[in-house]
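# I would like the atomic coordinates for the input below:
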Amino acid sequence: MARLRMSMYFAALKEALEKHGLLDAKEKIWNMDETGLCLTAKPPKVMSRKGSKIVHAKASASRELLTVVACGNAAGTYLPPNVIVTGKTMRALNSYDTQNAPPKTHISVSSTGWIKSGISQLWFEEVFLKNIGPERPQMLVMDGHESHHHVEIIELARAQNIVLVELPSKTSHFTQPFDRSVFKSLKSSWSREVHEFTAKTGVPVGHQQFFRLLRTVWATAMTPGNLVSGFEATGICPYNPGSIPDVAYVPSEEAQAAQTPITPSNEVCDIAIIGCTEAVAADPMSKQINAANSYSEGEMEIQIIMDEYVVESALPASTLKSYLKHFESGEHPVGDSMYTTWRKYKEQPQATISSSAKGGYFVITSDEAYNEKPAEALSDERYVNKIQEACLQLEKL
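Predicted coordinates for the structure are as follows:
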């Protein structure tokens, strides 16, 4: 992950939390995520005679995967699950033991078995809004899957005073609470239940057993402590960017600077470049930004400067106070790579990163992000093709 991009994300998150008075409101900060449960679970290790090359076990021949949508808040409260099964109509549910599902489970049908924009909107209306209570505003943190940020969902969220925050792409393994501490426990429990059921009954798990096992797994794996730990580990609540481990930013800026050359270009850069007479192409979301804090070639030195506000706003007040104290005394905390990055930008002249360098908005219900949605939709080739197909169908009628 790029430290610059994560700093900008945490700065936007902090601004949204403070603006809406949600900085310490654990019961009003939610995370939604999906995972897949396979009818054939990975078998556990077994004991056998030494030298045995094959150990037989009974398992389902189906590779079918069912999607489970989970949602919970930083206080450890879970909403009822939404299960998505593969099928074209609701008749697909006839083969499932839906009567054994966890209480208030919402069930949807998808031709692919995965979540789609229509199912996301239905979940938002029927599960999320109906179970979070009347207090407003509240915040929902999600990943950047295309089904999560359709204009219909954003309009509904804005009307209901729900703040939608989209996580930076390809970072959910460190920024998504459910991925950090909940789904691993859920999948481990699921694999164990599937194996034990098959071992005891001799019957492979199929549609008729799915919801019965899900009910057991949901009650044992989805604990409040797991969810609270997930929000803490991702730095969302309590707000703490330092919760993201340094290993998440490997390779470091220094390592990339040694490995990645920066080539001159005629394109204009949105980020100020100090000490360089030529314009240099640099995408702030790319590895070049992380690489080039101090890159020299001959007599030309290139320095890419981050706005100091972006760095400092991503730090907790206590951490920033400690950093300032160390900076004034000239001390350097041992093993604190975040301080090294902060000091590097602190010692350089300030420059401003334009909003266009951000490559999108993290708070997608903000006025700026909402106003760009129509243009974004028209630039999407799939969206345009759908409009053209609809027009052709109307002409035929």
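# can we go C-alpha only for contacts and neighbour counts from here?
Noted.
# list the contacts for residue 75?
26-27, 224, 227-228 (Cα atoms under 8 Å, 6 or more residues apart in numbering).
# Swap in 6 Å and give it another go.
Counting by Cα atoms under 6 Å, 6 or more residues apart in numbering, residue 75 touches 26-27.
# How confident was the prediction at it?
For residue 75, the pLDDT comes out at 96.
# Start the count at 15 instead of 1 going forward.
OK, 15 is where the count begins now, so the last one is residue 89.
# Look up how far residue 82 lies from it.
21 Å (Cα to Cα, to the nearest Å).
# Extract the CA atoms of stretch 87-102 and return them as CSV.
The C-alpha coordinates for stretch 87-102 follow below in CSV (Å, rounded to 0.1, in the frame of the first residue of the first chain):
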residue,chain,number,x,y,z
ASN,A,87,-20.7,-1.5,14.1
ALA,A,88,-17.7,-0.5,16.2
ALA,A,89,-19.6,-1.3,19.4
GLY,A,90,-19.8,-5.0,18.3
THR,A,91,-23.4,-5.1,17.1
TYR,A,92,-24.2,-7.3,14.1
LEU,A,93,-27.1,-6.8,11.6
PRO,A,94,-28.9,-9.9,10.3
PRO,A,95,-27.0,-11.6,7.4
ASN,A,96,-28.0,-11.3,3.8
VAL,A,97,-27.4,-14.6,1.9
ILE,A,98,-27.2,-14.6,-1.9
VAL,A,99,-27.9,-17.9,-3.6
THR,A,100,-27.4,-18.7,-7.3
GLY,A,101,-30.6,-18.7,-9.4
LYS,A,102,-32.7,-16.7,-11.7
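# how far is it from where the chain is centred?
Centre-to-centre, stretch 87-102 and its host chain are 16 Å apart (Cα atoms, centre = their mean, to the nearest Å).
# Okay, buried residues for that stretch please.
87-100 (16 or more other Cα atoms under 10 Å).
# Could you list which of those residues belong to strands?
Counting by DSSP state E, these place 87, 96-100 in strands.
# now, among those residues, which is nearest to residue 76?
residue 100 (12.9 Å; Cα to Cα).
# Check whether that closest one really touches residue 125, as I assumed.
Yes. Using Cα atoms under 6 Å, residue 100 is in contact with residue 125, at 5.4 Å.
# any common contacting residues for the two?
Going by Cα under 6 Å, 6+ apart, no residue sits against residue 100 while also sitting against residue 125.
# quick one, strands of the chain?
Using DSSP E, strands in the chain cover 43-52, 79-87, 96-100, 120-124, 152-156, 176-180, 287-288, 309-311, 314-318.
# got a list of what residue 84 touches?
Contacts of residue 84 by Cα under 6 Å, 6+ apart are 46-47, 95.
# Provide a list of residues in contact with residue 209.
Applying Cα under 6 Å, 6+ apart, no residues contact residue 209.
# what about residue 61, how many residues close to it?
Residue 61 has 6 neighbours, counted by other Cα atoms under 10 Å.
# typo on my end, residue 148
A count of neighbours around residue 148, defined by other Cα under 10 Å, yields 10.
# Repeat that for the one 5 residues further on.
The tally of other residues near residue 153 (other Cα under 10 Å) stands at 25.
# Return the set of residues that bridge with it.
Residue 153 forms beta bridges with residue 43, residue 177, as assigned by DSSP bridges.
# and it, what pLDDT?
pLDDT, residue 153: 97.
# Is it correct that it is in contact with residue 40?
No. Applying Cα under 6 Å as the test, residue 153 and residue 40 come out as separate, 10.0 Å apart.
# Can you name the residues that contact the closest residue to residue 239 other than its chain neighbours?
What sits nearest to residue 239 in space, not counting adjacent residues and going by Cα to Cα, 6 or more residues apart in numbering, is residue 90, at 6.5 Å. Applying Cα under 6 Å, 6+ apart to residue 90 gives the contacts 238, 241-242.
# a markdown table for the ones in strands among the buried residues of stretch 87-102, including distance to residue 259?
Shown next, in a markdown table, are those (distance: Cα to Cα, whole Å):
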| residue | distance to residue 259 |
| --- | --- |
| 87 | 22 |
| 96 | 32 |
| 97 | 33 |
| 98 | 34 |
| 99 | 36 |
| 100 | 38 |
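# Just give me the closest of the residues you listed to residue 355.
residue 87 (31.6 Å).
# Quick check, that closest one in contact with residue 44.
Yes. Using Cα under 6 Å, residue 87 makes contact with residue 44 at a distance of 4.1 Å.
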